[in-house]
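In: any chance you could fold what I've pasted below:
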Amino acid sequence: MSYTIDWRQDGRRIVLPILILRPDPSLELSGFEAQALIDTGSTTSGITPRVAESLGLPKRGKRPLGSAQGEGQAERYLFRVAIRIPATAPSFPFVFDDVSGFELAPSFSLDALLGMDILRQCDFSIHRRGLCTLQFG
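Out: Got it, this is the predicted structure:
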């Protein structure tokens, strides 16, 4: 089954509400409600230290990370990304497989960043008048 969500972006950046979940137990669907920047230029998704701390995610070690600011080392975390499906009745969110994502700088203005590790599992489009569409599942 395929799901589609539509929303409007603000003209400066594309932000999507998501849910960050612990990797286990896999049936646990309570997590951190986050605002995520959609970044097609990032190969990997990331979360802020505040999100990792809130969920009690263990650190997995620093790894090299290249960004627009240059090369550096970033802490890694294992987590899941979920998207709530608009419905008239209560429904379960769509949950993607585990992500080995990086730690965003504490000064990052949003809670998370969605990179191509998640986006390559979706069809994503931006329309002229600011409408965005994400199809997944």
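In: now the end-to-end length of stretch 43-54.
Out: 24 Å (C-alpha to C-alpha, to the nearest Å).
In: give me the buried positions along that stretch.
Out: Neighbour-count burial for stretch 43-54, counted by 16 or more other C-beta atoms under 10 Å, picks out Thr44, Ser45, Gly46, Ile47, Thr48, Pro49, Val51, Ala52. The way it works is simple: take the backbone N, C-alpha and C, and place the C-beta from them, glycine included.
In: who touches it?
Out: 20, 32, 34, 36, 59, 74, 77, 79, 81, 99-106, 108, 110-118 (C-beta atoms under 8 Å, 6 or more residues apart in numbering).
In: any idea of the mean pLDDT for it?
Out: Across stretch 43-54, the average pLDDT comes to 97.
In: quick one: the strands in this structure?
Out: Ranges of strands in the chain, per DSSP state E, are 3-8, 15-21, 32-38, 46-47, 62-67, 70-83, 94-95, 99-103, 112-114, 122-126, 131-136.
In: if we can go back for a sec, which of the buried residues of stretch 43-54 lies closest to Gly137?
Out: Gly137 has its nearest neighbour among the buried residues of stretch 43-54 in Ser45, at 17.8 Å by C-beta to C-beta.
In: good, we can wrap up now.
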